[in-house]
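**Q** Sequence first, then the predicted structure:
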Amino acid sequence: MRLNRSLKLVAPLALALLAGCFTANLVNAQEVYRGSFTLPVEARWGNVVLSPGEYSFTLDNGTISGIVSVRGETGRAVGYLRSEGISDRQSFDRSELVLVRSGENYTIRALRLADLGITMEYSVPKAERQFIVQGPQLLERIPVAMGG
């Protein structure tokens, strides 16, 4: 009888504790970082070519996956871009996209997020690597507005 009474008290407490753990994980999983930028030139970002215009992006909390979801002016998804590496060794005072220009072609090489203190690095597609190696690289920096 004592065992039944103890189970009746412990079971609801254990259930409430378990529910609290699941709720905390769901809240963390839903946290995203949002940002926006204006691209003045056509640029390749991974396998996606972005036309000049306004863009917004989101990334998951902690950027564990390294995936950035990019949307165009209409809100339509443009692409999901996975970074080649994430670095937190550098310190910088503003968020920005770093573009490399080779001739008339632009390629996005990095997304720096000052609020998070990280740089997400992107590789150049194989077809364009020879042009970047052959010619001088000029860096362009596009400001990124963070929110969320």
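**A** Perfect, I can see it now.
**Q** quick one: Gly75 is in a strand?
**A** No - counting by DSSP: H, G, I helix; E, B strand; the rest coil, Gly75 is not part of a strand but coil.
**Q** begin at 6 from here
**A** Understood, numbering begins at 6; the last thing we discussed is Gly80.
**Q** how close does it get to Val73?
**A** For Gly80, the distance to Val73 equals 16 Å [C-beta to C-beta, to the nearest Å]. Where you see a C-beta, it was placed from the backbone N, CA and C, and this is true even at glycine.
**Q** Which one of the two is surrounded by more residues?
**A** Val73 (23 against 7; other C-beta atoms under 10 Å).
**Q** Write down the beta-bridge partners of the more buried one, one by one.
**A** In this entry, Val73 is beta-bridged to Leu64, Leu86, by DSSP bridges.
**Q** Verify the stated contact: it with Tyr85.
**A** Yes - counting by C-beta atoms under 8 Å, Tyr85 is a contact partner of Val73 at 7.3 Å.
**Q** show me where pLDDT drops low in the chain?
**A** 6-36, 65-70, 130-143, 153 (pLDDT under 70).
**Q** I am finished for the moment; much appreciated.
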